[in-house]
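A.B. asks: What follows is a predicted structure for the sequence shown.
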Amino acid sequence: MSSRLWIVRHGNRFDFVYPAWFNTALRRYDPPLSFDGKIQVQELALKLKNEPINHVIASPFLRTIQTAHILAEKLNLNIKLEAGLGEWHNPDWMTQTPVIHPREELEGIYYRIDWNYQSQIIPKYPETEAMVLKRMKKIAQLLITQFEGNLLLVGHSISVIGITKGLLGHDVKVDTSLCSVTKLIL
């Protein structure tokens, strides 16, 4: 039996709507979803609610957790946080390793997170494009092997690109717009 893999990019980011937020934010590289980003994800959740998804696995950044939580609510599933799906640690965008929200700030709000799951890959700062693409391919292969059934992976633009190209080949073109979904049948 073939398995299906849905790769979702998070909804619109708060700092894309309010760029000045970045200048005073405690965790500059970990913005939440914007109001319209949450609406985007709710609309996507309605489209995915009847899909045969067995597992939701998300990057540990707040915008992807929020995206995954809305989707997991509609699918009645828990979320596993996987650092290997995390944002590209690009030194042109980030001056240091990104600081993400700690567990104690997340667990009361995002109750669908399975805190027993341990990430398979921890990214290192800084990363080249070749390094992040290799990371995305490797984490996708690990997750497909580890989990039985169909997976919904929630990540970033680089997650969609890296996983799709890593599994299907480098000549594949993919949509990485905000709240996009790419479906692969493996």
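C.D. replies: Yep, it's here. Numbering: from 1, shown residues only.
A.B. asks: quick one: contacts for the residue sitting nearest the centre point of the chain?
C.D. replies: The geometric centre of the chain, computed from its C-alpha atoms, lies nearest to residue 155 (Cα atoms, centre = their mean), at 1.8 Å. Residues counted as contacts of residue 155 (Cβ atoms under 8 Å, 6 or more residues apart in numbering) are 7-10, 58-59, 64, 85-86, 163. All C-beta spots, glycine's among them, are computed from the backbone N, C-alpha and C.
A.B. asks: Equivalent analysis for residue 180, please.
C.D. replies: Here residue 180 is in contact with 8-9, 160 (criterion: Cβ under 8 Å, 6+ apart).
A.B. asks: what's the answer for residue 36, then?
C.D. replies: 11-12, 17.
A.B. asks: Now rank these by neighbours and give me the top one.
C.D. replies: Using other Cβ atoms under 10 Å as the neighbour definition, the contacts of residue 36 reach their maximum at residue 11, which records 26 neighbours.
A.B. asks: what about that residue, which helix or strand?
C.D. replies: Secondary structure from DSSP states H and E places residue 11 outside every helix and strand.
A.B. asks: Report pLDDT for it.
C.D. replies: The pLDDT attached to residue 11 in the predicted structure is 98.
A.B. asks: now it: how far from residue 177?
C.D. replies: Counting by Cβ to Cβ, to the nearest Å, the gap from residue 11 to residue 177 is 10 Å.
A.B. asks: buried sites along the longest helix anywhere in the chain?
C.D. replies: Ranked by number of residues, the top helix in the chain under DSSP state H is helix 129-146. Neighbour counts using 16 or more other Cβ atoms under 10 Å place 132-133, 135-140, 143-144 of helix 129-146 among the buried residues.
A.B. asks: wait, which of those residues is closest to residue 25?
C.D. replies: Residue 25 lies nearest to residue 132 out of the buried residues of helix 129-146, by Cβ to Cβ, at 23.0 Å.
A.B. asks: now the helices for the chain?
C.D. replies: Using DSSP H, helices in the chain cover 14-17, 21-24, 35-48, 62-75, 103-106, 129-146, 157-168.
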